[in-house]
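Undergrad: Got a sequence here, can you build the structure:
(chains A and B)
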Amino acid sequence: NAGVTQTPKFQVLKTGQSMTLQCAQDMNHNSMYWYRQDPGMGLRLIYYSASEGTTDKGEVPNGYNVSRLNKREFSLRLESAAPSQTSVYFCASRALGNGQPQHFGDGTRLSIL
Amino acid sequence: GNSVTQMEGPVTLSEEAFLTINCTYTATGYPSLFWYVQYPGEGLQLLLKATKADDKGSNKGFEATYRKETTSFHLEKGSVQVSDSAVYFCALDYGGSQGNLIFGKGTKLSVKP
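TA: Now for the predicted structure:
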């Protein structure tokens, strides 16, 4: 069972470069999410997609864009990377229904120099 | 607003010691509550959940009871092992259709042999 797959696992960028982080889930989940994890901050929601064709801002959307390509795939784009975007990025998905948990990928570790 | 407060770590225990990690929440309505575990270099994994008051979630020897009167969801384990060393996150789903989670900042547990 693949679950939630994120690519790449590691990436180093220079300031100003652009990058797309890919996420795919094979559980037929309706909702998908992008988080960033920074030391001492827990997880913060960047964007989410409640269903195919919709996207909404989370807590920290500035500097990011997303695309819900289809039900399986939800990508996160950094148009002009900044050092403050150095972080670990997690994608998650969730089935419909009260009390359903989110399922997480293994993360993308992104460093911006 | 909705929030989760989790005891700060790190927590260091000897093998076979009793573990408690405190988690309290603020929420309107009837949230679902979750504990996630993150092992080094990995994504978050669901450890247990509870969807209504007085529910007890349990998994792998860990337990937590949803206490509405004290707005708490403390994580406990009677005898920890070295393999339990990880970061533990308490999370709240406040019941919106999006299934968005609010996370505590995480508690790092180290278990020494």
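
Undergrad: can we go C-alpha only for contacts and neighbour counts from here?
TA: OK.

Undergrad: So, low pLDDT: which residues of chain B?
TA: B:96-97 (pLDDT under 70).

Undergrad: Show me which residues of it sit near chain A.
TA: B:32-34, B:41-46, B:50-51, B:93, B:95, B:97-99, B:103-106 (C-alpha under 8 Å from any C-alpha of the partner chain).

Undergrad: and if we set it to 6 Å?
TA: B:32, B:42-44, B:51, B:98, B:105-106 (C-alpha under 6 Å from any C-alpha of the partner chain).

Undergrad: among those, which two are most distant?
TA: Using C-alpha to C-alpha, the residues of chain B next to chain A span at most 25.8 Å, a distance reached by B:42 and B:51.

Undergrad: Between these two, which has more neighbouring residues?
TA: Between residue B:42 and residue B:51, residue B:51 has the larger neighbour count (other C-alpha atoms under 10 Å in any protein chain shown), namely 19 against 14.

Undergrad: Distance check, the more buried one against residue B:14.
TA: According to C-alpha to C-alpha, to the nearest Å, residue B:51 stands 32 Å off from residue B:14.

Undergrad: Check residue B:60 too.
TA: 18 Å.

Undergrad: Neighbour count: those two, which is higher?
TA: Each of residue B:60 and residue B:14 has its neighbours counted (other C-alpha under 10 Å); residue B:14 has more, 14 against 9.

Undergrad: Contacts only, for that one.
TA: The contact partners of residue B:14, by C-alpha atoms under 6 Å, 6 or more residues apart in numbering or on different chains, come to B:111-112.

Undergrad: Run through the bridge partners of it.
TA: residue B:112 (DSSP bridges).

Undergrad: Restricted to buried residues, select the residues of chain B next to chain A in PyMOL.
TA: Selecting only the buried entries of the residues of chain B next to chain A in PyMOL, with 16 or more other C-alpha atoms under 10 Å in any protein chain shown as the criterion:
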select buried, chain B and resi 32+43+44+51+98+105+106
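
Undergrad: so what's residue A:87 bridging to?
TA: Counting by DSSP bridges, the residues bridging with residue A:87 are residue A:110.

Undergrad: Can you report how many residues lie near it?
TA: For residue A:87, using other C-alpha under 10 Å, the count is 18.

Undergrad: Sketch out the strands for chain A, chain order is fine.
TA: A:4-7, A:10-13, A:19-25, A:31-38, A:42-49, A:56-57, A:64-68, A:74-78, A:87-94, A:102-104, A:108-112 (DSSP state E).

Undergrad: how much space is there between the residue most central in space within chain A and chain B?
TA: The centroid of chain A falls nearest to residue A:34 when counting by C-alpha atoms, centre = their mean (2.8 Å). Plainly put, residue A:34 is 11 Å away from chain B if you go by C-alpha to the nearest C-alpha, to the nearest Å.

Undergrad: Which pLDDT does the model give that residue?
TA: Residue A:34 carries a pLDDT score of 97 in this model.

Undergrad: What does the residue of chain A positioned farthest from its centre show for phi and psi?
TA: Within chain A, residue A:98 marks the point farthest from the mean C-alpha position, 22.3 Å out by C-alpha atoms, centre = their mean. Backbone torsions of residue A:98, given as degrees, to the nearest 10, read phi -60, psi 140.
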